[in-house]
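> The following block contains a protein sequence and its predicted model.
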Amino acid sequence: MKFTSSFSRTIKYSIWGIALSSSSITLAQQQDPIVEAIVKEGTTHSQIKTYAFELLDVIGPRLVGTPQMMQAHNWVKTTYEAMGLEARNEAYGTWKAWERGTSQITMTTPRIKSLEGTQLAWSPATKKNGVEGEVVVLVDAKNKAEFEAWLPTIKGKYVLISALPPSGRPEYQWKEYATPASYEKMKIERQQTEDAWYARIENTGYTAKELPKVLEQAGAAGVVMSYWTGIMGANRIFGAQTTKIPTVDLALEDYGLLYRLAAGGKTPRINVNVQSKDLGTTQTYNTIAELKGTEKPEEYVILSAHLDSWDGGTGATDNGTGIITMMEAARILKQVVPHPKRTILIGNWGSEEQGLNGSRAFVADHPELLDKIQVVFNQDNGTGRIANIAGQGFLHAYDFLERWLVAVPKEYKRELKTHYPGSPSGGGSDHVSFVSKDIPGFMMSSLSWGYGNYTWHTNRDTADKIVFDDVQNNAILLAILAYKASEEGELVSREKVVLPLNDQGEQQQWPVAKEPQRNSDQ
C-alpha cells in the first residue's frame with residue numbers, strides 16, 4: 001500500500017485539528033544544525049551496502065539455533081564495538097541447534113528431471129545418496145476411518161500434502177490479460193480448490209500441522225509440499241514438523257508436475273537427498289548495543305529490529321533491512337551526537353519469528369529499565385521507505401512524535417502518514433513486547449515493494465531485493481527521531497486511550513505482556 005504525504009504542506013493531528021505550517025517546519029529545520037549534520041553523514045558516508053553484504057551474503061540466513069545465527073550475533077556485536085559503542089550478547093534461553101546442508105530432489109520416473117526445492121528448517125537428513133520412492137497424493141478420504149485405512153499403503157512413499165492451484169499465474173496477470181468470463185471462472189476454480197483441499201485435510205481427523213507427524217509414523221519416506229505465495233517463483237519456507245523423515249518444499253511448477261503425474265496414474269518416483277546436521281541444543285541471544293547518554297544515562301531511547309530470519313532466502317527484507325537501518329542510524333549518531341542526553345540502546349533481537357522471544361525476554365529480564373524507556377522505534381516489514389506511524393493507543397503520541405517529526409526534512413518523510421491515537425498492536429513485531437508494558441513503542445511501517453507475497457518468509461528474500469535508497473532514507477529519519485527523543489526535556493507521557501467496545505459490546509483491553517519461549521521444547 002502506498003501512503004501519500006501531507007508533510008510537504010502541513011502536519012495535521014488527525015484527532016485534534018491542530019496544524020503546523022510549512023514555514024514553521026522549515027524554521028525548525030534551519031535552527032538545528034545537528035539535523036543537517038545527520039543528513040550529511042547519512043548521505044556522504046553511508047555504510048548500508050557494506051553492512052548488507054556482510055550480513056546477508058557472507059553470513060546468510062539467520063535461523064534461530066543455527067551456527068549462522070551465532071555468527072550474526074558476533075558480527076553485529078563486533079561492528080557496534082568498532083563504531084565505539086558498548087555491545088554485548090545477552091543470553092536468554094536455549095533452542096534446538098541445526099545446520100542446513102544441501103537439498104537435491106530428482107524425479108527419476110517417468111523421466112529424469114532435477115526439481116527445484118529445499119528442505120524445511122530443522123528437517124531431518126536422509127542417508128548420503130538420498131532415498132528414492134513413489135510419489136502419491138494425500139487421499140481424499142470421506143472420514144478419519146477411511147484415512148486410517150489408507151495409511152498403511154504409504155510406507156516407503158512420498159506424500160504430497162498441498163493443494164494444486166488451477167493456475168500458476170499470479171492474480172494480477174489474470175486480471176490484466178484474461179477475458180472477464182475467464183477471470184471469473186478462474187477465481188471460482190481457485191476458491192473451489194482451496195475449499196476442497198481444506199475439507200480433505202479436515203476429513204483426515206488431523207490438522208495440517210499434525211498431518212506430517214501422522215504420515216511419518218505410518219512409514220512414509222518423506223513429506224512433500226508447496227507453500228506457494230501466488231507470485232511466480234516465490235514459496236514460503238518454514239519449519240518441518242517431522243523428526244525422522246525429510247519434509248521438503250517444491251516450487252509450484254515441479255510440485256504440479258508430480259501432482260498431475262500421480263493423480264493421472266503414472267506413478268512418479270523421486271529421489272530426495274537432503275543433508276543437514278542436528279547439533280543438539282544451543283544458547284539463544286539478543287545483541288545489545290549502547291551509545292551512552294550523559295545527562296540522563298539511565299533513561300533510554302531504543303532502536304529495535306530482529307536479527308533472526310527464516311532461511312528459505314537470506315532474510316534480506318525480513319529483517320536484514322531493519323538491522324542494517326538501525327546499525328546505520330547508530331553509526332550516524334555516534335559520529336554526529338557522540339554524547340546524547342539519554343542512552344540510545346539498539347536491540348538486535350533473537351527468535352522474533354518464533355514469537356517475539358528475544359524482545360519479550362529482554363522486557364522480562366530487565367524490569368528495572370521499563371519505567372526509564374523514553375520510546376521504542378521498531379522496524380520490521382521490508383525495504384521500503386517508512387510510510388506509516390500509528391500512535392499505538394498512547395493518548396499524547398500526537399504531541400511528542402509530531403514535535404520530533406517536525407525536525408525531519410520533508411524529503412525524508414515524503415511518504416509518511418501518522419495516525420493518532422491508534423490502537424495498541426497485540427502481535428506482529430517486537431514493539432508489541434514494549435507496548436504491552438505500557439511503553440511507547442512504534443512500528444516504522446514501510447512501503448510494500450511486494451513484501452507480502454514476494455519476500456516475506458520466502459525463498460526470494462535475498463539481498464538483490466533491497467532498495468538501498470529507501471533504507472538510507474530510513475536510517476536518516478530514525479537517527480533524527482532518536483536524537484530528538486534523546487534530547488527531550490522529560491520522559492514523554494504514557495497515558496493510554498480508553499479502548500472502544502468490540503463487536504460483542506465488550507470493552508477492549510490493552511495487550512497483556514506474554515512470557516517468551518525460552519527453549520524449543522516448550
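Ah, there it is. Numbering: from 1, shown residues only.

> need the contact list for the most centrally placed residue in the chain.
For the chain, Asp318 is the residue whose C-alpha lies nearest the centre (CA atoms, centre = their mean; 4.1 Å). For Asp318, the set of contacting residues under the criterion of CB atoms under 8 Å, 6 or more residues apart in numbering consists of Ser309, Trp310, Asp380, Asn381, Gly382, Tyr451, Thr455, Trp456, His457, Asp461. No exception for glycine: its C-beta is placed from N, CA and C like everyone else's.

> Which one (most neighbours) among the residues you listed?
For those, the largest number of neighbours (other CB atoms under 10 Å) sits with Asp461, at 31 neighbours.

> Let me see the confidence value for it.
At Asp461, the model reports a pLDDT of 98.

> From Gln392, how far off is the residue nearest to the centre of the chain?
Between Asp318 and Gln392 the computed distance is 21 Å (CB to CB, to the nearest Å).

> again with Ala196
Relative to Gln392, Ala196 is positioned 41 Å away (CB to CB).

> Glu134: neighbouring residues, count only.
Using other CB under 10 Å as the criterion, Glu134 is surrounded by 16 other residues.

> go on, the one 5 residues further on?
Neighbour count of Val139, defined by other CB under 10 Å: 17.

> Contact partners for it?
Glu146, Phe147, Trp150.

> among those residues, who's most crowded?
Busiest of those [other CB under 10 Å] is Phe147, holding 21 neighbours.

> Can you name every helix or strand that whichever helix or strand Ala145 is part of contacts?
If you go by DSSP states H and E, Ala145 is part of helix 144-150. Other helices and strands packing on helix 144-150, by 3 or more CB pairs under 8 Å, 6 or more residues apart in numbering; DSSP states H and E, are helix 180-203.

> after the helix it packs on comes which helix or strand?
Toward the C-terminal end, the helix or strand that comes next after helix 180-203 (DSSP H and E) is helix 211-217.

> Tell me which other helices or strands whichever helix or strand comes after that following helix touches.
Using DSSP H and E, the helix or strand that follows helix 211-217 towards the C-terminus is strand 222-225. For strand 222-225, the packing partners by 3+ CB pairs under 8 Å, 6+ apart come out as strand 131-137, strand 158-160, helix 211-217, strand 247-250, helix 252-263.

> Identify whichever of those lies nearest to Lys96.
strand 247-250 (15.0 Å; CB to CB).

> Which strands or helices does the closest one pack on?
Checked by 3+ CB pairs under 8 Å, 6+ apart, strand 247-250 has strand 86-109, strand 117-119, strand 222-225 packed alongside it.

> thinking again about what came up before, turn the contacts of Val139 into TSV, including distance to Glu495 and pLDDT.
Below are the contacts of Val139 laid out as TSV (distance: CB to CB, whole Å; pLDDT from 0 to 100):
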residue	distance to Glu495	pLDDT
Glu146	59	98
Phe147	55	98
Trp150	60	98
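
> ok, back up a step: which one's more surrounded, Ala196 and Gln392?
Neighbour totals were compared for Ala196 and Gln392, and Gln392 leads with 26 against 11 (other CB under 10 Å).

> That one belongs to a helix?
No: checked against DSSP: H, G, I helix; E, B strand; the rest coil, Gln392 lies outside a helix; its state is coil.

> For Gly428, see how far away it is.
Counting by CB to CB, the gap from Gln392 to Gly428 is 12 Å.

> just Glu488 next, same as before
Taking CB to CB as the measure, Glu488 and Gly428 are separated by 27 Å.

> Which parts of the stretch 301-450 of the chain are helices?
Ranges of helices within the stretch 301-450 of the chain are 321-336, 357-365, 397-406, 431-435, based on DSSP state H, counting those that start in this stretch.

> about what we covered before: for Tyr300, state which of the contacts of Asp318 is nearest.
Using CB to CB, Asp380 comes nearest to Tyr300 of the contacts of Asp318, at 19.4 Å.

> Looks like the closest one contacts Leu307 (just checking).
No: if you go by CB atoms under 8 Å, Asp380 and Leu307 don't touch, sitting 11.0 Å apart.

> Quick one: low-confidence residue ranges for this protein.
Segments of the chain classed as low confidence (criterion: pLDDT under 70) are 1-30.

> buried ones in stretch 34-43?
Along stretch 34-43, the positions that meet the burial threshold by neighbour count (16 or more other CB atoms under 10 Å) are Ile34, Val35, Ile38, Val39, Glu41, Gly42.

> hang on, the earlier thing: tabulate the contacts of Asp318 in JSON lines, adding columns for distance to Val337.
Output for the contacts of Asp318, formatted as JSON lines (distance: CB to CB, whole Å):
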{"residue": "Ser309", "distance to Val337": "30"}
{"residue": "Trp310", "distance to Val337": "35"}
{"residue": "Asp380", "distance to Val337": "25"}
{"residue": "Asn381", "distance to Val337": "27"}
{"residue": "Gly382", "distance to Val337": "28"}
{"residue": "Tyr451", "distance to Val337": "31"}
{"residue": "Thr455", "distance to Val337": "33"}
{"residue": "Trp456", "distance to Val337": "34"}
{"residue": "His457", "distance to Val337": "36"}
{"residue": "Asp461", "distance to Val337": "33"}
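
> between these, which is nearest Ala330?
Sorting those by how near they are to Ala330, with CB to CB, puts Asp380 at the top with 16.8 Å.

> So the closest one versus Arg190, what's the distance?
The span separating Asp380 from Arg190 equals 30 Å under the rule CB to CB.

> try Arg494
Note on Arg494: its distance to Arg190, by CB to CB, is 47 Å.

> Tell me how many other residues crowd Leu258.
Counted with other CB under 10 Å, residues neighbouring Leu258 total 26.

> Same question for Arg200.
17.

> How about the contacts made by it?
Leu138, Asp140, Ala141.

> Let me know the closest of those residues to Tyr172.
When those are compared for distance to Tyr172, the smallest value, 29.8 Å, is given by Leu138; criterion: CB to CB.

> which of the contacts of Arg200 count as buried?
Buried subset of the contacts of Arg200 (neighbour count, 16+ other CB under 10 Å): Leu138, Ala141.

> now, among the contacts of Arg200, which is nearest to Thr287?
Checking the contacts of Arg200 against Thr287 by CB to CB gives Leu138 as the nearest, at 42.4 Å.

> isn't that closest one right next to Leu160, touching?
Yes: using CB under 8 Å, Leu138 is in contact with Leu160, at 6.3 Å.

> what about Gln335, distance to Lys49?
As it turns out, when the distance is counted by CB to CB, Gln335 lies 17 Å from Lys49.

> neighbour count winner among these two?
Set side by side, Gln335 and Lys49 give different neighbour counts by other CB under 10 Å, the larger being at Gln335 (17 against 14).

> Go ahead and confirm that one touches Glu41.
Yes: using CB under 8 Å, Gln335 and Glu41 qualify as a contacting pair, with a distance of 5.2 Å.

> Number of residues surrounding Thr126?
Residues within reach of Thr126, counting by other CB under 10 Å, total 23.

> repeat for Ala181
By the criterion of other CB under 10 Å, Ala181 has 8 neighbours.

> tell me the contacts of the residue nearest to Asp399 when sequence neighbours are not counted?
By the measure of CB to CB, 6 or more residues apart in numbering, the closest residue to Asp399 outside its immediate chain neighbours is Ser493, 7.5 Å from it. Ser493 is in contact with Phe394, Leu395, His396, Asp399, Phe400, counting by CB under 8 Å, 6+ apart.

> what's the spacing between Ser493 and Glu210?
With distances defined as CB to CB, the gap from Ser493 to Glu210 amounts to 47 Å.

> And for Val139?
For Val139 relative to Glu210 (CB to CB), the value is 16 Å.

> Quick check: phi and psi at Arg460.
Backbone geometry at Arg460, expressed as degrees, to the nearest 10, gives phi -100, psi 10.

> ok, now Gly156?
phi 80, psi 10.

> Next one: the residue nearest to the centre of the chain from Arg385, what distance?
When distance is defined by CB to CB, Asp318 is 17 Å away from Arg385.

> Next: His339.
Here His339 is placed at a distance of 30 Å from Arg385 (CB to CB).
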